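**Q** Fold the following for me, if possible:
(one chain, ligands or ions: 1)
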Amino acid sequence: MSASDSICARFRCAFPGFTLNVDLTLPGTGITALFGHSGCGKTTLLRCMAGLHSADGTMTVLGEPWQTPRTFLPVHKRPLAYVFQETHLFPHLNVRKNLEFGYRRIPAAQRQISFDDAVSWLGLETHLTRMPAGLSGGERQRVAIARALLTSPRLLLMDEPLSALDKVSKQDILPYLERLRDALAIPIVYVSHSTAEVARLADHLVVLEDGKVVAKGPMRETLSRLDNPFRLDDDAGVLVEGTIAELDEHWHLARFEFNGGTLWLGRDNGMQPGDRVRVRLLARDISLALDRHPNQSIQNLIPATIDRIEPDVTPGISIARLLAGPTPVLARLTTRAVDQLALAPGRSVWMQIKSVALAD
Ligand SMILES: Nc1ncnc2c1ncn2[C@@H]1O[C@H](COP(=O)(O)OP(=O)(O)OP(=O)(O)O)[C@@H](O)[C@H]1O
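**A** Modelled structure (predicted):
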């Protein structure tokens with residue numbers, strides 16, 4: 001990555017009992033997720049990037065210096081948009097006027113995103129005359145995101161944008177964010193606590209712990225690393241990309257093919273044959289067998305080779321990294337099972353995958 005197509009963020013700042021110390025080069029397109037436990041410094045890093053907090057450091061966005069040791073572009077001069085958990089819409093203006101507020105601030109010649117595109121990406125065509133108070137939480141957040149885009153930012157910062165929404169509203173808004181990820185050339189830095197949200201949306205991952213970067217890289221590779229803090233919690237798992245090959249109407253299942261095998265998934269209503277989808281395989285949903293046992297309830301049996309096995313943080317539990325073809329997969333097992341089956345690197349096994357759900 002060269003400076004002209006990336007974001008370079010190097011900051012050091014200290015509060016009593018907490019120091020942020022990061023040196024990051026992030027891709028200049030797609031969604032980068034900042035992930036980590038509460039208090040690890042995600043919002044502080046975002047605020048430093050925005051210039052809302054003046055820390056020591058440097059910040060360059062697609063070749064433009066926003067902060068150097070000698071200069072500091074104030075927040076109102078930075079071409080960025082910030083989307084928060086709270087939407088901060090103007091309650092006395094309808095949706096169209098809220099959107100126009102951001103749009104009109106930018107001279108026509110500098111506009112990168114058209115009004116109609118933003119409205120269509122966020123599915124707001126039929127909401128333009130409605131007032132914010134009459135919208136659902138998810139609809140309000142879609143308006144806030146469209147309004148942010150209409151300022152034609154060079155960088156979009158999103159801090160837990162879905163955390164105030166209930167589960168149904170989250171499900172409704174995720175496809176819009178996926179559409180933005182695929183349609184926009186603007187880099188997005190996205191803060192979230194939710195592994196499911198991050199797995200579904202992000203292309204890149206940065207994991208923070210106690211103010212420091214402990215893992216970073218492309219989403220799929222970073223998730224499948226055994227030394228990744230992701231594996232330490234119950235959500236450990238990998239992301240697999242593939243295609244819906246067939247829908248089974250009778251059993252309400254979908255056949256998903258990826259580079260490494262075939263899985264039957266619980267069917268999601270919008271799915272169509274040929275759709276590219278991401279599936280999260282959680283380590284806790286995968287067991288291993290030395291032989292193929294077809295006469296059992298588990299429908300998904302995939303041959304794989306053990307790459308590594310390591311003890312998990314929980315006593316008595318191990319975590320194995322397997323390769324199904326070239327695709328890495330993690331499985332959580334008891335250490336007793338590892339011992340009794342003599343599981344070791346290089347051994348061929350069958351992965352039994354009981355429940356596979358599309359990332360939700
Ligand atoms: N203005 C401030 N003054 C003093 N301490 C602060 C300030 N802002 C943040 N902190 C501290 O810095 C640490 C990191 O906070 P930050 O909000 O960045 O974490 P976070 O990862 O975003 O957490 P969460 O996921 O809970 O929002 C915390 O210990 C917090 O108390």
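**Q** Contact partners for residue 38?
**A** Contacts for residue 38 (C-beta atoms under 8 Å, 6 or more residues apart in numbering) come out as residue 193. Just so you know, the C-beta spots here come from the backbone N, C-alpha and C atoms, and that holds for glycine as well.
**Q** So it: helix, strand or coil?
**A** At residue 38 the chain is in coil, as set by DSSP: H, G, I helix; E, B strand; the rest coil.
**Q** swap in the one 5 residues further on?
**A** Taken by three-state DSSP, the conformation at residue 43 corresponds to helix.
**Q** Check residue 109 too.
**A** Secondary structure, three-state DSSP: residue 109 is helix.
**Q** Check the spacing between it and residue 154 real quick.
**A** Separation of residue 109 from residue 154 (C-beta to C-beta, to the nearest Å): 15 Å.
**Q** per-residue pLDDT, residue 355?
**A** pLDDT, residue 355: 61.
**Q** isn't residue 119 right up against residue 100?
**A** No. Contact criterion C-beta atoms under 8 Å: residue 119 and residue 100 do not qualify, at 11.0 Å.
**Q** Show me which of these two is the more surrounded one.
**A** Neighbour count, other C-beta atoms under 10 Å: between residue 119 and residue 100, residue 119 has more, with 21 against 15.
**Q** Provide a list of residues in contact with the more buried one.
**A** 99, 125, 128, 146.
**Q** Residue 95 is in contact with the third one, correct?
**A** By that I understand residue 128. Yes. At 5.1 Å, residue 128 counts as touching residue 95 under the criterion of C-beta under 8 Å.
**Q** where does the stretch 151-300 of the chain dip in pLDDT?
**A** For the stretch 151-300 of the chain, residues meeting the criterion pLDDT under 70 lie at 226-234, 269.
**Q** and the closest residue to the ligand within it, what does it touch?
**A** For the stretch 151-300 of the chain and the ligand, the shortest gap (C-beta to the nearest ligand atom) falls at residue 193, measuring 5.8 Å. By C-beta under 8 Å, 6+ apart, the contact list for residue 193 reads 35, 37, 38, 160, 163.
**Q** host element of the most centrally placed residue in the chain?
**A** Note on the chain: the residue nearest the mean C-alpha position is residue 198, at 2.4 Å, using C-alpha atoms, centre = their mean. Using DSSP states H and E, residue 198 maps to helix 195-201.
**Q** Tell me who's in contact with residue 52.
**A** Going by C-beta under 8 Å, 6+ apart, residue 52 touches residue 75.
**Q** mind running it again at 10 Å?
**A** 43, 44, 46, 74, 75, 78, 82, 157 (C-beta atoms under 10 Å, 6 or more residues apart in numbering).
**Q** what's the neighbour count on the second one?
**A** By that I understand residue 44. With other C-beta under 10 Å as criterion, residue 44 counts 22.
**Q** Fine by me, we can end here.
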